[in-house]
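Novice: model this:
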Amino acid sequence: MHRYRCIVSDVDALELIVLGRRLAKIGERVLRGSGDRALPTGVGLVMEDVFAHPDSSVGEITARIGLPQSYVSELISQLRNMKMIQTRADAVDARRTLVRVHPDNPREIVRRGAVSIDRALADALGETDATTIIEEIGILESIAARLRATSGESGPIARELDRARREGA
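Specialist: Just a heads-up that it's a prediction; the model follows:
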């Protein structure tokens with residue numbers, strides 16, 4: 001076990017959560033680009049669940065994420081049309097629809113995600129000095145690298161995206 005001396009910080013747990021969400025929103029805007037419309041929050045919940053639990057039924061997904069089944073079914077239909085997921089009838093019970101991530105989806109996310117965040121981060125910070133932007137991005141890169149190296153088991157989405165990167169998206 002590591003021993004840490006007490007460090008007084010102005011950042012508390014709530015501020016860290018808010019920072020994480022704010023950084024996530026900046027990344028999502030960059031990922032979407034200027035031409036794509038924003039997807040509902042429910043899409044992220046469904047995709048996260050489908051990554052974690054492939055070949056689940058719509059009812060199982062609904063139970064885990066807590067959204068109404070009609071809404072989950074609608075989202076699944078949209079995601080299937082966007083080729084983000086695949087559905088098939090359950091071989092045992094044809095009334096059940098099983099859902100899994102489309103095999104091309106992780107590669108597409110990696111391809112689209114390989115976009116610089118420099119301009120978006122500078123805009124969000126209201127920063128125009130290139131040296132300051134480079135320093136701040138360097139801090140984020142350092143934190144990200146340390147967390148990747150020390151956080152142990154990654155989640156199902158990170159594992160799939162890492163696999164897609166290795167396969168050369």
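Novice: Distance from stretch 63-79 to the middle of the chain?
Specialist: Distance, stretch centre to chain centre, for stretch 63-79: 18 Å (Cα atoms, centre = their mean, to the nearest Å).
Novice: then it to CSV, C-alphas only?
Specialist: Output in CSV follows, covering the C-alpha atoms of stretch 63-79 (Å, rounded to 0.1, in the frame of the first residue of the first chain):
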residue,chain,number,x,y,z
ALA,A,63,-33.5,-3.4,-16.5
ARG,A,64,-29.8,-2.5,-16.1
ILE,A,65,-30.0,1.1,-17.3
GLY,A,66,-33.3,2.0,-15.9
LEU,A,67,-34.9,3.7,-18.9
PRO,A,68,-38.4,2.8,-20.2
GLN,A,69,-38.4,-0.2,-22.5
SER,A,70,-40.1,1.7,-25.3
TYR,A,71,-37.4,4.3,-25.2
VAL,A,72,-34.6,1.7,-25.1
SER,A,73,-36.2,-0.1,-28.1
GLU,A,74,-36.4,3.2,-30.0
LEU,A,75,-32.7,3.9,-29.2
ILE,A,76,-31.7,0.4,-30.3
SER,A,77,-33.5,0.9,-33.6
GLN,A,78,-31.7,4.2,-34.2
LEU,A,79,-28.3,2.6,-33.3
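Novice: Can you show me the helices along this structure?
Specialist: 13-32, 41-52, 58-65, 69-81, 105-113, 118-125, 130-150, 156-166 (DSSP state H).
Novice: Put together CSV for those, with distance to residue 97, mean neighbour count and mean pLDDT on each row.
Specialist: For the C-beta atoms, the positions are set from N, CA and C on the backbone; glycine is no exception. Formatted as CSV, those follow (distance: least, Cβ to Cβ, whole Å; neighbours: other Cβ atoms under 10 Å; pLDDT from 0 to 100):
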stretch, distance to residue 97, mean neighbour count, mean pLDDT
helix 13-32, 28, 12, 83
helix 41-52, 12, 18, 85
helix 58-65, 5, 17, 94
helix 69-81, 8, 16, 93
helix 105-113, 18, 17, 75
helix 118-125, 37, 14, 90
helix 130-150, 35, 11, 88
helix 156-166, 20, 15, 76
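Novice: Turn the ones you listed into CSV, including distance to residue 98.
Specialist: Listed next are the helices of the chain as CSV, based on distance: least, Cβ to Cβ, whole Å:
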stretch, distance to residue 98
helix 13-32, 28
helix 41-52, 10
helix 58-65, 9
helix 69-81, 11
helix 105-113, 16
helix 118-125, 37
helix 130-150, 32
helix 156-166, 17
